[in-house]
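Engineer: with the input below, show me the fold.
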Amino acid sequence: MTTEQILALSLVTGMMAMFVWGRFRYDLVAVGTLLLGVAAGVVPAKDMFSGFSDDITIIVGSALIVSAAIARTGIMEHAARRYLPQSLNMRAQLAVLIGSVALLSAFVKNIGALAIMLPIALQFAKRSNVPPSVFLMPMSFASLLGGLITLVGTSPNIVVSRVREELTGQPFAMLDYAPVGLLLTGAGLVFMVGFSWLVPRRTRVDLSAKEAIEIKDYLVEAKVPANAAAEGMTIAKLLELAGEEVTILSILRGGSLQIRPLPDATLEPGDVLLIEGPAESIDRLVVDAGLDLTGQRGLAPSDTSEAVINLEAIVESHSGLVGATAETIRLFHTHSVNLLAVSRRNQRLGQKLGSVRFRAGDILMLQGSETGLAVLVRDMGLLPLAERKMLLGSVRRAIVPVAILLAAMLATSLGLVPVAVAFFAAAAAMALFRVLPLREFYTSVDAPILIMLAALIPVSESLQATRTTDLLAKWLSAAGVGLPAYGAIALVMVTAMAVTPFLNNAATVLVVAPIAARFAEGLGYRPEAFLMAVAIGAGCDFLTPIGHQCNMLVMGPGGYRFGDYMRLGLPLSLLVIVVGVPALVYFWQS
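Structural biologist: Numbers count the residues shown, from 1 in each chain. All right, here's what the predicted structure looks like:
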């Protein structure tokens, strides 16, 4: 070994040890490793920041934005409530999520499939009162398994097909991967459901104080418009849409007649409902029943040059709102701000929203432009709870973001543009069409994850630049002499699994596949099973978060540590080897 090879191997080994130790945050470890690599001369200074423009970094950052935009529409939550039983237990929910991701991943890029299902997983976690980490890591692994089923499921399959064409003149067909891929996917899904206790339960440690504040009961005033879903609906049926957390306090009919909200009371067009409950539950009720918030009036065209956002604010003791009502101060007319809801601690508010007399400590949900809200907060002495993603009454155009995502996935599936270009364009379109407010646009990007990824890319490339990978390949060939078919295939698969955390999976195939083909030829075997073993090993990085963008995508939302992936990933990798090697021998070597 040369000095450069020793340094490169030592650098990567030390970095992995620090990750597993977990004493320092992962982005700091990655940045420190990059600096050491530059100081040691292993990473050229001119390539130090190349990771920030790498496709993988762009894909992960863009996918986080696209996923946040889809989540904001509420369409996935609506679909989950409509088509999935509400009584599913945690394991049944996990089975639905990972099965859906695996199926989608067989036909579209696995990062796209995971981005689609991520909002539903977060909703399931909230509904079941479990951390999102219970679902997200298995979903990432399921997306990798599902990609093994077809030619277009994952990049390693496509690259391996090209290598076979160069060697034999015939590429792999679309469904050549299916027999082994379906077997591995089925076994992996059953394993992850049956051994779900292996998944670490983590909560994000970087929650802001605003996210930690839980406001349970808001008072909202909503009207039943003509031809709404709620027209002719009984109160009992209406409450089924939001669950037991929501209470209908009163029904106002004809402007003055007050009707008791008995379970069999039937709603008519024009009825005004006084609703109390958590903001998100009320939001579901308003959206699904087609209600109009009476406090939500259209803003003037001059006010809509800025994004319209919702803001929660506390009425402080010295506030000019104390003792006043929204009607007496003409809140909308003087400030162009809508009052959507009011919450008062330990007290039920039974009157109309506009006539609630504000007290110190009341929490108001306000809607307006950022400038208008800032002026109101300053002039009226309010304490803002900024950037809480409360969607109550906000306009959510589901068709636009879903169309953007589908267009991006279609473009990548047809090979019209690279994945990075498609997802970056999709993220830009979300901003262009104002699907996601710019404030949320930037907060949805998980900076520590992207910093770690960008720092690690030039470090991992140093293994290739110093020809350390070539040296490892020679050791592989020497170790495999005299092995039977199943042993040689297992050795190739394990090698690909070991290399892919340090290279992207396509690069792993490019490095290992030719070696595997020559290895098979030297042993007198056909190359197909060995090439597929490379594709499976490169596509199944379950041991670290850094080998595949899907693992990176869930690391932040799941609150995972670096070493968490091995708890579920190691036995799953062993399962892939135990099931995959005999399957390859049976289908391709017999």
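
Engineer: regarding this structure, what is its longest helix?
Structural biologist: The longest helix of the chain (DSSP state H) is helix 564-584.

Engineer: shaky segments in the stretch 201-350 of the chain?
Structural biologist: Within the stretch 201-350 of the chain, the stretches with pLDDT under 70 are 204-216, 242-244, 255-256, 295-307.

Engineer: show residues contacting stretch 519-529.
Structural biologist: Contact partners of stretch 519-529, identified using CB atoms under 8 Å, 6 or more residues apart in numbering, comprise 164, 167-168, 172, 476-477, 480-481, 483, 485, 488-489, 492, 516-517, 530, 584-585, 587-589. Using the backbone N, CA and C atoms, a C-beta is placed for each residue, glycine as well.

Engineer: gap between that stretch and the chain center?
Structural biologist: Remark: stretch 519-529 is offset 40 Å from the chain centroid, using CA atoms, centre = their mean, to the nearest Å.

Engineer: wait, Y177 sits on G147?
Structural biologist: No. Here Y177 does not reach G147: they are 9.3 Å apart, not a contact under CB atoms under 8 Å.

Engineer: of these two, who's got more company?
Structural biologist: Taking neighbours as other CB atoms under 10 Å, Y177 and G147 compare with G147 leading, 33 against 27.

Engineer: now, of the contacts of stretch 519-529, which are buried?
Structural biologist: Neighbour-count burial (16 or more other CB atoms under 10 Å) applied to those gives 164, 167, 172, 476, 480, 485, 488-489, 492, 516-517, 530, 584-585, 587-589.

Engineer: mind listing the strands for the stretch 101-250 of the chain?
Structural biologist: For the stretch 101-250 of the chain, the strands defined by DSSP state E, counting those that start in this stretch occupy 218-223, 247-253.

Engineer: contacts for the last one next, please.
Structural biologist: This means strand 247-253. Strand 247-253 has contacts (CB under 8 Å, 6+ apart) with 219, 235, 238-239, 258-261, 265, 267-268, 270-277, 348, 350, 352.

Engineer: try the shortest one
Structural biologist: With CB under 8 Å, 6+ apart as the contact definition, strand 218-223 has outside contacts at 249, 270-279, 282, 286, 291-295, 340-344, 349, 352-354, 356, 363, 365, 392.

Engineer: V342: helix or strand, and which one exactly?
Structural biologist: Taking DSSP states H and E as the criterion, V342 maps to strand 338-343.

Engineer: that strand vs strand 218-223, what angle?
Structural biologist: Relative orientation of strand 338-343 and strand 218-223, computed by axes from the mean of the first three to the mean of the last three CA atoms, to 10 degrees: 130 degrees.

Engineer: okay, now the sheet partners of the helix or strand following strand 338-343, with direction.
Structural biologist: Next along the chain after strand 338-343, taking DSSP H and E as the criterion, comes strand 363-369. In the sheet, strand 363-369 lines up against strand 308-315 (antiparallel), strand 338-343 (antiparallel) (DSSP bridges).

Engineer: which one of those strands lies nearest to G558?
Structural biologist: Closest to G558 of the strands paired with strand 363-369, according to CB to CB: strand 308-315, at 26.3 Å.

Engineer: following that closest one, which helix or strand comes up?
Structural biologist: Using DSSP H and E, the helix or strand that follows strand 308-315 towards the C-terminus is helix 331-335.

Engineer: P484: neighbouring residues, count only.
Structural biologist: Count around P484 with other CB under 10 Å applied: 11.

Engineer: same question, W197
Structural biologist: Close neighbours of W197, defined as other CB under 10 Å, add up to 10.

Engineer: and the gap between it and M137?
Structural biologist: With distances taken as CB to CB, to the nearest Å, W197 is found 13 Å from M137.

Engineer: what bridges to M365?
Structural biologist: Using DSSP bridges, the beta-bridge partners of M365 come out as E312, A341.

Engineer: and it, how many neighbours does it have?
Structural biologist: Number of residues near M365 (other CB under 10 Å) recorded here: 25.

Engineer: pretty sure it sits against I309.
Structural biologist: No. With contacts counted by CB under 8 Å, M365 stays clear of I309, the gap being 11.0 Å.

Engineer: quick one: contacts of the host helix or strand of S10?
Structural biologist: S10 is part of helix 3-21 when elements are defined by DSSP H and E. Outside helix 3-21, the residues that touch it by CB under 8 Å, 6+ apart are 1, 24, 26, 29-30, 33, 36-37, 40-42, 456, 459-460, 462-463, 465-468, 471, 502, 544, 562-563, 566.

Engineer: what sits against the closest residue to E165 other than its chain neighbours?
Structural biologist: Distances taken as CB to CB, 6 or more residues apart in numbering put P171 closest to E165, at 4.0 Å, once the chain neighbours are dropped. Neighbouring residues of P171 by CB under 8 Å, 6+ apart: 161-162, 164-165.

Engineer: pull the distance from stretch 103-122 to the chain's centre.
Structural biologist: Taking CA atoms, centre = their mean, the mean C-alpha location of stretch 103-122 is offset from the chain mean by 9 Å.

Engineer: same deal with stretch 136-147?
Structural biologist: On CA atoms, centre = their mean, the centre of stretch 136-147 falls 12 Å from the chain's centre.

Engineer: for it, the averaged confidence score.
Structural biologist: Taken as a whole, stretch 136-147 carries a mean pLDDT of 93.

Engineer: can you check stretch 478-490 too?
Structural biologist: Per-residue scores along stretch 478-490 average to 80.

Engineer: ends of it, how far apart?
Structural biologist: Terminal residues of stretch 478-490 are spaced 15 Å apart (CA to CA, to the nearest Å).
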